Structure formats: structure tokens, C-alpha cells
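Participant: Sequence below, structure please.
(chains A and B)
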Protein chains: 2
Amino acid sequence: MRRNLVEEGDNPDITMERRKATFSVDKMAMFIHGGEYKLRRRREILKFVESQPEFQDPIPPEFMSRQQRLENNARKVVAMTDKTEVIDQSDFFEEGMYYQSLIMGRDLHPMSLHYVMFIPTLQGQTDDEQLNHWLPLAVSRSIIGTYAQTELGHGNGKLETTATYDPATDEFILHTPSISAAKWWPGGLGKSSNYAIVVAQLITQNEGRGPHPFIVQIRDHKTHKPIKGVTVGDIGPKLGINGNDNGFLVFDSYRIPRQNMLMRYSKVLPNGEYVAPSHAKLGYGAMVFVRSAMIRDQAMQIAAAVVIAIRYSAIRRQGEITSGMGEVQILDYRTQQYRVMPQLAKALVFLFAATQVKELFQKVTAQLTGGNTELLQELHVLSSGLKAVVSWEVAQGVEQCRLACGGHGYSQASAFPEIYAYAVGGCTYEGENIVMLLQVARFLMKAAENVRAGNARLAAIAGYLNEKGPMKCKLTSWRMASDADLIENFEYVARKQVFAAFDFLQELQRGGQSAEDAWNSCSVELCKASRMHVKCYLVKTYLEKISQCNDPELRPPLNLIGRLFIFDQMAAHMGAFRKAGFMEDSQAESISRAIYDILTLLRPNAVALADSLDFSDRELHSVLGRRDGNVYPALLKWAQQSQLNQTEVSRSITPCSRFAFI
Amino acid sequence: MRRNLVEEGDNPDITMERRKATFSVDKMAMFIHGGEYKLRRRREILKFVESQPEFQDPIPPEFMSRQQRLENNARKVVAMTDKTEVIDQSDFFEEGMYYQSLIMGRDLHPMSLHYVMFIPTLQGQTDDEQLNHWLPLAVSRSIIGTYAQTELGHGNGKLETTATYDPATDEFILHTPSISAAKWWPGGLGKSSNYAIVVAQLITQNEGRGPHPFIVQIRDHKTHKPIKGVTVGDIGPKLGINGNDNGFLVFDSYRIPRQNMLMRYSKVLPNGEYVAPSHAKLGYGAMVFVRSAMIRDQAMQIAAAVVIAIRYSAIRRQGEITSGMGEVQILDYRTQQYRVMPQLAKALVFLFAATQVKELFQKVTAQLTGGNTELLQELHVLSSGLKAVVSWEVAQGVEQCRLACGGHGYSQASAFPEIYAYAVGGCTYEGENIVMLLQVARFLMKAAENVRAGNARLAAIAGYLNEKGPMKCKLTSWRMASDADLIENFEYVARKQVFAAFDFLQELQRGGQSAEDAWNSCSVELCKASRMHVKCYLVKTYLEKISQCNDPELRPPLNLIGRLFIFDQMAAHMGAFRKAGFMEDSQAESISRAIYDILTLLRPNAVALADSLDFSDRELHSVLGRRDGNVYPALLKWAQQSQLNQTEVSRSITPCSRFAFI
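Facilitator: Model (predicted):
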């Protein structure tokens, strides 16, 4: 096994960094990615992707127009779905998403909802006859579908689009009653899909029956023109993900056959009679799946960002620390370490949490098959809370990495603009973060109520609310702090926040507010409680995961990384740790000093740790983050592809009075 | 004077908001913008800009290609500089920048460095003969220039480009000795400039004389082709500001006449003899000017963002607080208020600080004319510190506003992506923020040393370091807290941080580190000290400014906004306020409660406060932030201009197997 690959022609600074690593990068990569088999699979999949001409971009996508990007993405996604035999399709969370990211980058593609929403909804919501009709068409790509729920005026809740049943013709009339009812945002809706699952308010026998899903043809099979009664188009450029044609959709009394209502649970009979579902739908399913998958996807974004920042900080020399001693690698600046290294810690902490969520998801899926919903709520709460905390921390962390790379971080050559735009979207989609935190808070407030009522039966993830714990922080020297002590600190603060929010809620209600108004007045405190609850979970998960590692090479850096995450979070929430005299001045000070000590200790392994995340240059897609460290020539070469450089002279863009604009 | 303009056809929710305002928006706008005259000038300039056909965009720039944007910007900037009689050109900070932002938006233009760097450098660094030759050419736009200092490998310091004097031909040979020496980033360098001030290492008589400025022709006057020996081009797409052709520049033994060295301070004689400057250059000048101007520019970005977020939050209805009572405006959610309103407070605090900086700048300029440099260092420290703190808080605040607008905030229709990309650049350019904070720290450590040595003479902005102040926070009820008490709190914490950093530095040196290593080891603490010093200044400046307002309509909301900023910052730095028992648990709790109270009190005036910032729809350039609140129809109309919607059918971007990719 190689210790840390060093190649001739690599930047000498980065080679020096690799030579001084104290551990084998491959061994670390195996630990991070879940073992030898997983790491081998990553490399096999990479090799396959690199070998396929159809997966290559003619020019880097950042130099393409939107039209070119979409065409290129459509071409690649077709090739990708034609060649899925190389991956284990049952492993969507890792192999599937890795494969897709290698081929599609961070741009998504015109089929992003076809596979994660359209087909799963067909599978979950159709009756047998519908399934037999539609599924083969979707799988063979004879139809391309998306999922149209969100409207201009509403993401969920009071959707306005109507589907009114007309028994005279056995049809539903889809209609957009106002501009705010226009469907808005569905991925792939603008130009590429010819079908959509449309969620609309069902009206039959003059009665509203709430939102139901319908499968709707929106474009002609032959001409691909929008069908009469349908207005459809692209919603325009966004912060990022512009390789996807998110779209809008407006219906003008558009008729579809009654059979196009997805009838697995509810039905409308030919006479217009509504048959309600026999039991409540398991509504969590799709959301929980996507949110669970997001944790790993988000973790990989901060991981990519920190790999770029560390490698660049190792090859960039600027300024002297000691006058006359020569310029130093910017990674030698304490401020740079302080900016970048905690992001590495977050990357690992989030990755390990993602693995736990995946395992819980698999357990829940197996349970559900047997009708057991025991762990479903726990997964729902966990994935919602993690989604909110992780996506926010990732967005923040990516920007710190970008800013740490100075001017070059602002160039699209760095990949940071793309990573940020992609990652920060996760704060909003699949449940806006504040909404997610408030859902977690519902669960926590219920648990707090149980504890106060003396009812000790709590879900495992809330068990600590039942404990007492010490009233004083035990921290003396950070080197002596045990895992148990550190967990205790976080449990203490999380418990404090949960009960503080609970008490505030009670206080507001005693003061005359309704339960609902009190909830709103208290909601900032509720979010704080949820965040600390999730951070406590993250600390526990990481420490548990590394407790399984007994390799004497790997354990010390893994310990340091965990400590860095923990002390960095304690510093960020210092106000909370100071409450009720839990932590003394000297302890507070020792936490910032601990961070500085750890940064010094991690410094020699920084590049090796970055390498251990096992990104290929293809996946990173960053000139600054190149494995070989030869950044400057690559930047120049990259820039020469700029659209503006395709002609040497463009007099129409000089304001010089000798030319165009005299 | 109108109370708050309400027009027929406006969104009814936003009209309701305007009707319930407790103050006159015009009066508030006058206070914010510095009086009746200033407000009138804003409106006159706006009216002029709107009346000029040359200043209009054929389509919104976000739908243009880069080439189109640059052409459009070049066209507009020429028209703009041809029509400057409408503004008071001596008032660059306000009238000049306002005029430019109305015409150019947030995209900059191919002459952005021509006016702020090229011409000022000619004015400051040439001898009389050079000035007479070059200035008229530059002013008449017969030559378009930029300022080329930054290289691929260095922003400043060890620049590598050389200018070697050859007495045989009376020429300098400009050369790029390595790839990392390529000039990189100068605005307008890529395609539009035909001249550049190039900063290069002067070598004459075989001796290096350090970096000096040269004026260099890079493109042919007639053909606009790069001249032999010069390679020049665009550096490619960036996070933002893509309407500017930031460029690269490589010299291959390129000869320029000796007379092209800017010789006001240093000279090279025909025989190669180097004449050193008779006195040290006043190096602060240009930097201090740009950084001072940046404070207002940055403040206007967070102001724009918060206006958009508040207006949109007033017209967006989603979800119910009380079940069955109907959907509420999202601004009624406490979490939304908590996200958005502190950004409004920051906008005003930063704007008032910008006014103070402008006044100090004018004072310093007047002093310098008389050879007096007394206040120059104070301005340098203040502008550096404010630049760092303000640009970071603005970037964070803009993103909070964007995220608070959910999915629509992610669309370029919102303007947030553009505002963010523009504003966050300010964290990096004109002195990277961490570097700026460490420069402030140098000043603070010197001041701390003086205090410890019993030397009480400190610059005014550091005077509080000499005071003692109370050892306990006096806060009981936030409504009772006097301005003096609040300032005391911030001074206490800033002083604590400054001396903690000072003591840590000493401790490290006693532990055996050199002064330079200790500085590096301590640098994170130094940055904390600088940040708190600046925040203390911001609090004082705001409170001082509103103390001049005695209008009973305006004063209460201005007070609340100040309190919101203060308590929000105290909450953000709670760990620091808890040190040495300065603040008790009950006081800490009262701070978050104070924020909630203030949010409730500000809620009815939220839209009126936003209106008081006096943005026109033109300046905001945001569909979400429209004054009339009619967002949804405008979004649909905006999207229809998407490049992808120019054809109804684009079969090349559907992966449907019936079409292209079977």
C-alpha cells in the first residue's frame, strides 16, 4: 500500500507536505469511506467513467452557454443511464450519487427529477394497471417526467392549481386559476420533460378533496411542442445549477383522462364519486429518502472545498512570518489554519453522520416492509435536523474555504462559486431549514413535556434529556478531556437549551398567549434548541465512529479532528456554555488555546488528510485544488478558454474614443 | 410632504403596511441620506438617468452573454462619462457612486479602473511633463487604462515582473520571468484597455530598486491588437462582476521608452543612474480613498438586500400561525423577523459610519494639502478595520436576506445572487479582510503597550483603552439602558479583548517565541480584538448620529434599530460578555428577550423603514423587491425572457428516447 503518492513534476511544496505525513493516506481513506471494498469501488467507478468518451465534456462547462450546458448534460445523462451496470444500483446513497457526480458534476441535468421523483411517485402512487402502463415508458425514457408541486405562491400547503372532474367526458380539467398558481421550480420542466406528475386540488361533485397527484402530458410526443392548454418554459437563470431547466407550467382548462389521476390510495369513480384512502398515506417516505441522501451529498461539498483550500494553501507562498526568512506557505499562518482546518473537521463529522443516517434509513426501510414504523419518526427527526444544520454549516464552511484562497477563490477556476451555489441551495430545497428546525423542536418539546411529567420513555436520540449530568464542566486540560466528558458538555448545553425553550413556551402561555402564538414568539429559541440537539448528535456520532479505529497511525489525527470540531463548536456557542456557571473563565480560555494547539498539531498532516478524502481531479473540477499542485500554469491555460478570448480583438467592448463609441 | 406613497394597483398587503407606518418616510429618508438637499439630489439624478435612452438596457443584463454584457456596459459607460454634468463630481462618495450604480448596476464596466486607479495614478505619480502628455489622452478616452499590480503568484510584496533599464537604447525591458509573474486580475485589462500602469521590479545598473510604476501601451492604437511582446486576455468567468473583463498580461522582453517610468518620486537617468525619492511616498493615499469609499458601497448592498427581503416578506403569505385563521405574511413569523430585521439595523449603522468616514477623509485631505498628517493614520486604521468588519457582515447579511426569501431568493430575478457576488468580493479586494484586521491590531497593540507603560496619549479612536469602566454590566431592563451604559458594555469587551491579546502576545514571547512567531501564534486573538474595536466604534457612531435627531416621529424607530444592532451583536459575542463575571445569567437572557421585544415593536414599521432607504426599482433591479409588491406576475414576465425560452422547442435538450439520443 502506498503511503502517499508523490509524482515527478508535482509542485515541490505539495510533495514536501506529502512526505511528512505520519500516516498512510490509503489507510485513512479506507477508514473515511468505509473500508477497503468501498475505496476500491470508488476507484473502479472513477476508472470506468474516465474511460468512456461519452462522459467527457468538449470544453469545461463553465465556458458554455446555458443552452450548451443543457445539451451537454442531456447527452451525458443519457449515456450515464445507458451504462449503469458498472454501479450497484441498490446503493444509491454512495455508488449512485458518486457515479452521477463524476459524470454530471455539480450541474445536475434534465433528468434529475425523472429518477428521484417521477419514477418513485409512479411506483408509490399508481394502481397496478397504471403502473404497468406508465413505468415501462418512463424507464425506457420514452417519456421524460418531472414532479410539479411548488407554485409561484406556495411551496406546499394551500396549492391553488385545480383538477375538476367532469363526468360528462370522464376527464379532469386542470386549471391555473391565478398567476400565483403557476407551477414553478420543478427540475427539468422547462424544456426537457414531456410529462409531469402535477399535484392539484381535486374537485369532484362540487367538493374540494385536497391535493392529489395526476400524471399529465405536457408536450407532444412527436413535435415536443407544448400541447394546447399548456404553457411551459424555463424559469431563468439562478444562483447556481444552471445546467438544469427548472420550469414553470400554466394550465388553461386543460383536459386529461380520469385514468390519469394516480389511484393507488384515493380514487374518483366515473360518476364522480370520491373514494378516500383506506388508511393514511405514509407521507414521510420520499422526503425522508431525499433528506437522508442529502447529508452525504452536502458533506461531500464541504469536503471538496476544504481539499481545494488546503492544497492551494500549501502551494501558495506569500509574505514572510520572520523578516528575511523567505515567503511562507500560507497554510503556516495561524489565521489561515483557523479558517480552513475546522472545515476539514466538519467534513469528516458530517460524513460519518451521513453513514449513520444511511444505516438508519436501511433499517427503517426493512422495518417498513414488515409494517413496523417504530423508527420512522426518529429517522424523520434526525434527517430533518441534520439537513438543516449540515447544509448551513456546509455553506458557511465552503465560503470560508473560498475566502481563504483570496482572489483566486473568486474565480470560477477554483470551483468554489459552483460548490457554494450548489451546496447553499440545500438550505432551501427539500424543506427550508428553519421549518426543519421547528419540526425537530416539536419532537423535542414533546420529549421535554414527557420528562417534566415524569414519563421516562423517550426515543433513543432524546434519551439525554432524561439525565441529570454534572452541573460544572470538568474540563481542565484539553488533552485530558475524555470522550465522555466532552459528550457530557454538549448534552448539558443541549438539555439547557431544550428546557429553556420549553419553559419560555410555558411562560408565554401563562402570560396569555395561545399555544400557537407562543410557539411563534418562542420560535428562535426553539431553533436554538434543535441546533444544539443536532450538534450533540454529531459529536456523539463522530466519537463513536472513531472509537472503532485502533490503528495507531490513524487514531491520533482522527482524535485531533474530533477535538477540533468539538472545541470549535464550543467556542461558537460559548454564551450557552457559560450559563448557570457551567464553565469558568479559565475553561473558556483553555478552549481557544486548545484550538490553537490542535491546529499546530494537525498542520504537518493537513495535505495528507485532504488527500485521504480521495477526490480525483475530475470530481473536484478545480484548478486550485489540483492534486499535483501546479496551479499557476493551469490557471493560465484555463483562462485562455474564456469565451472572450476566442477573438484577440473585440473593439465593441473597448470604450476607447478611437473606436466604436466616439 | 407625503407620508408614505401608496399607489392604486399596488399589492394590498404592501399598501396596508405603508398605511400603518408611524412616521413620514420622506422625513426618515432625509435623515438617513443626510438632509433634504441630499434626498432631492438623489431624486434628480434618478430622474435624469431614467430620461436618457443611452442608459437603458435592451434586455435585463442577467439574460445576456458575457460578450453582450461587456458591449452593453462599454456603451453605457461612454454615455455616462459624456454626461457627468448632472452630478457634483467633487462628491465621488455619494453623487458619483450613486450615479454610476444607477447606470451600471452591480456589474462594473470596462472603465472601472480607468477612473479610480489609472487617472489618479497618473495624477499622483507623474512628473509635470508626463502629466501634460498622458492626462489629456486619458481624460478624452483616447487611451483606456488599467492598473496592473497583482500577479498570479502575489497580490503585493514580492512581485516578479521586471523592468530592466537598457542605457544603450534608453529603454526599459519589461519581462515576465515565470508564469506566476503574469499580471492577473486588473479590471478592464482583458479586452478593453490599450494602456496599463504596470508595477514592476526596477533593475538598473544591475541592481534591484524595488517595485515602481510604468505606463505601458499594450494594444495597437488603430487595430487594437496586442503589441508584439505582449500577451493579454480575459481571466475567465468569476463568482460575479462578469460584466468586467478582468485580465492577464504577460511580457516577453517588451521594450518601452525610459520616459514611461512614472518619475514624480524616483527617476532613472539616461545613463542608468537611479535617483531615489527625496522623501518617503505618502503610500496610504489611494488605498485609503478606495477603502473609505467602500464602506458606503458595502452598506448600500446590505441595504438593498434588506429592502428586497422586507418587501417580499410583506407580500408573501404562507402557512398559518393560528389554524383556520388564514395564511399570514411571512414577516409575521418571529424567525423571519429575526433573520431580516437585524440586517436593516446593520444597513443604517454602516451607512452612518460611512458618513463619518467620508467626513474624516475630507478632513484628512484638507490637512494633507497643508502637509499635516496628524489624522492620516487614524483614517487608515479606521477605514481598514471598517472595510473588514463591514464587508463580512454585509456578505453574511445579504445571504440571510436571500435565504429568508426561500426558493425565489435563489433565482436571479431576486437580484440576491448578484448583490451577494458583488458584495462578498469586498472581503477580498483592496486588502484581504484578515490582513486588514491584523493591521488594525498593530495599532491596537501599540496603544495597549502605551497604556501599560502609563503613557496616556492615545489616538481618539483608542481612547477608551485608557479608561477603567465598571466591572459589572449595569443592564437590568433593556428599555432602561442608556446610550452611555450600552457604549460602556462594548468598550468593556473591546478593552478586554485588546488586553487579552496583548497579554497572550507577551506570554508567548516569554515562552520563548520570537516577536514575529508570537504575532502569528496570537493572530486569531488579534483579529478578535480588532473586530470588537470596530464594533465598539460602530455602536458609538450610530448612537451619536441619532442623538442629533429630535423629531418625535423618527426618534423612536431609530432608537429601536440601534438597540436591535446592539443586542444582536451582544448576543453574537455573548462569550466575551460573560468573561470575568461581567454579565449575569439573567442579563444574558434579557438580551435575547430584548431582541424579541424590539422585533415586535419594529414590525409595524418594517416596510416604511425599507422604503426610507429610498431605493428606486431601477437601483434595486429586483423582481422580489418591487415597490408595488406585484411580484408574481413580474416573475412570470421576467422568466419569459430566459435565453431558453427564445424557442418553444429545443429537442436537443430533452433526453427523451424519441428524439436526439436514442
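
Participant: hey, let's count contacts and neighbours off CA atoms from now on
Facilitator: OK.

Participant: and residue A:422, what pLDDT?
Facilitator: Residue A:422 carries a pLDDT value of 97.

Participant: Count residues in the vicinity of the closest residue to chain B within the stretch 1-150 of chain A, would you?
Facilitator: With CA to the nearest CA, the shortest gap between the stretch 1-150 of chain A and chain B falls at residue A:71, namely 4.6 Å. Applying the criterion other CA atoms under 10 Å in any protein chain shown, we find 22 residues in the vicinity of residue A:71.

Participant: element containing it, please.
Facilitator: Using DSSP states H and E, residue A:71 sits in helix A:66-82.

Participant: counting residues per helix, which one in chain A is longest?
Facilitator: helix A:334-369 (DSSP state H).

Participant: Close to chain B: what parts of the stretch 551-662 of chain A are there?
Facilitator: On the criterion CA under 8 Å from any CA of the partner chain, chain B has as its neighbours in the stretch 551-662 of chain A the residues A:571, A:573-576, A:578-580, A:585, A:596, A:632-633, A:636, A:638-645, A:648-658, A:661.

Participant: Which ones among those lie within helices?
Facilitator: Under the assignment DSSP H, these contribute A:571, A:574, A:575, A:576, A:585, A:596, A:632, A:633, A:636, A:638, A:639 to helices.

Participant: Enumerate every residue touching the second one.
Facilitator: Residues in contact with residue A:574 (CA atoms under 8 Å, 6 or more residues apart in numbering or on different chains) are A:588, B:574, B:575.

Participant: Could you export those as TSV, including distance to residue B:324 and pLDDT?
Facilitator: Shown next, in TSV, are the contacts of residue A:574 (distance: CA to CA, whole Å; pLDDT from 0 to 100):
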residue	distance to residue B:324	pLDDT
A:588	48	96
B:574	39	97
B:575	42	96
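
Participant: quick one on the thing from earlier: on contacts alone, who are the packing partners of the longest helix of chain A?
Facilitator: Helices and strands in packing contact with helix A:334-369 are listed as helix A:25-33, helix A:285-315, helix A:376-404, helix A:523-547, helix A:555-572, helix A:585-602, helix B:515-521, helix B:523-547; criterion 3 or more CA pairs under 8 Å, 6 or more residues apart in numbering or on different chains; DSSP states H and E.

Participant: Nearest to residue B:448, out of the ones you listed?
Facilitator: When the helices and strands packed on helix A:334-369 are compared for distance to residue B:448 using CA to CA, the nearest one is helix B:523-547, at 11.3 Å.

Participant: How about the closest one, which residues are buried there?
Facilitator: Using 16 or more other CA atoms under 10 Å in any protein chain shown as the test for burial, helix B:523-547 gives B:523-543, B:545-546.

Participant: quick one: average confidence on the longest helix of chain A?
Facilitator: Helix A:334-369 shows a mean pLDDT of 95 in the predicted model.

Participant: on that earlier part again, residue B:486: which of the helices and strands packed on helix A:334-369 is closest?
Facilitator: When these are ranked by distance to residue B:486, counting by CA to CA, first place goes to helix B:523-547 at 8.4 Å.

Participant: How about the contacts made by the residue in the stretch 51-200 of chain A that chain B sits nearest to?
Facilitator: Shortest the stretch 51-200 of chain A-to-chain B distance, computed as CA to the nearest CA: residue-wise this is residue A:192, at 4.0 Å. Taking CA under 8 Å, 6+ apart as the criterion, residue A:192 is in contact with A:110, A:144, A:245, B:650, B:651, B:653, B:654, B:655, B:656.

Participant: could you flag which of the residues of the stretch 551-662 of chain A next to chain B are buried?
Facilitator: Buried residues within those, counting neighbours by 16+ other CA under 10 Å: A:571, A:573-576, A:578-579, A:596, A:632, A:636, A:638-645, A:649-656, A:658, A:661.

Participant: which parts of the stretch 301-450 of chain A sit against chain B?
Facilitator: Residues of the stretch 301-450 of chain A lying near chain B by CA under 8 Å from any CA: A:316-319, A:321-322, A:333-335, A:338, A:403, A:406-407, A:410-413, A:417, A:425, A:427-429, A:432, A:434.

Participant: hmm, which of those are the buried ones?
Facilitator: Using 16+ other CA under 10 Å as the burial test, these include A:316-319, A:321, A:333-335, A:338, A:403, A:406-407, A:410-413, A:417, A:425, A:427-428, A:432, A:434 as buried.

Participant: Out of those residues, which sit inside helices?
Facilitator: With helices defined by DSSP H, the entries of those inside them are A:334, A:335, A:338, A:403, A:406, A:407, A:410, A:417, A:434.

Participant: just curious, which of those is nearest to residue B:458?
Facilitator: Proximity of those to residue B:458 (CA to CA) peaks at residue A:335, which lies at 27.7 Å.

Participant: Could you verify my assumption that the closest one touches residue B:525?
Facilitator: No. Using CA atoms under 8 Å, residue A:335 is not in contact with residue B:525; the gap is 9.4 Å.

Participant: So which elements touch the helix or strand bottoming out on mean pLDDT in chain A?
Facilitator: Ranked by mean pLDDT, DSSP states H and E, the helix or strand of chain A with the weakest confidence is helix A:112-113, at a mean of 89. Based on contacts counted as 3+ CA pairs under 8 Å, 6+ apart, the elements that helix A:112-113 packs against are strand A:145-148.

Participant: Touching whichever helix or strand comes after the strand it packs on from outside, list them.
Facilitator: Following strand A:145-148 in sequence order, the next helix or strand is strand A:162-166 (DSSP H and E). Under the contact criterion CA under 8 Å, 6+ apart, strand A:162-166 has outside partners A:171-177, A:200-205, A:258, A:272.

Participant: before we move on, what about stretch A:539-559?
Facilitator: For stretch A:539-559, using CA under 8 Å, 6+ apart, the contacting residues are A:22-24, A:27-28, A:31, A:349, A:352-353, A:356, A:483, A:487, A:490, A:562, A:566, A:602, A:605.

Participant: how does it look with 6 Å?
Facilitator: The contact list for stretch A:539-559 (CA atoms under 6 Å, 6 or more residues apart in numbering or on different chains) reads A:23, A:349.

Participant: Find me the pLDDT at the residue nearest to the spatial centre of chain A, would you?
Facilitator: Note on chain A: the residue nearest the mean C-alpha position is residue A:298, at 3.4 Å, using CA atoms, centre = their mean. The score at residue A:298 is 98. That number is its pLDDT.

Participant: Could you do residue A:149 as well?
Facilitator: 95.

Participant: tell me which residues of stretch A:133-141 are tucked away?
Facilitator: With the criterion 16+ other CA under 10 Å, stretch A:133-141 contains buried residues A:134, A:135, A:138, A:141.

Participant: do you know how far the third one is from residue A:72?
Facilitator: With distances defined as CA to CA, to the nearest Å, the gap from residue A:138 to residue A:72 amounts to 21 Å.

Participant: And for the last one?
Facilitator: Remark: distance between residue A:141 and residue A:72 (CA to CA) = 17 Å.

Participant: Same check on the first one?
Facilitator: Taken as CA to CA, the spacing of residue A:134 relative to residue A:72 amounts to 27 Å.

Participant: Can you report phi and psi for residue A:498?
Facilitator: phi -60, psi -50 (degrees, to the nearest 10).

Participant: same check, this time on residue A:200
Facilitator: Dihedral pair for residue A:200: phi -140, psi 160, per degrees, to the nearest 10.

Participant: and it, what does it touch?
Facilitator: Taking CA under 6 Å, 6+ apart as the criterion, residue A:200 is in contact with A:161, A:162, A:163, A:211, A:212.

Participant: Going by distance to residue A:156, which of the ones in helices among the residues of the stretch 551-662 of chain A next to chain B wins?
Facilitator: Distances from residue A:156 to these, taken by CA to CA, are shortest for residue A:576, at 34.9 Å.

Participant: Find me whatever residue is spatially closest to that closest one, sequence neighbours aside.
Facilitator: Closest residue to residue A:576 in three dimensions, ignoring its sequence neighbours and counting by CA to CA, 6 or more residues apart in numbering or on different chains: residue A:493, at 6.5 Å.
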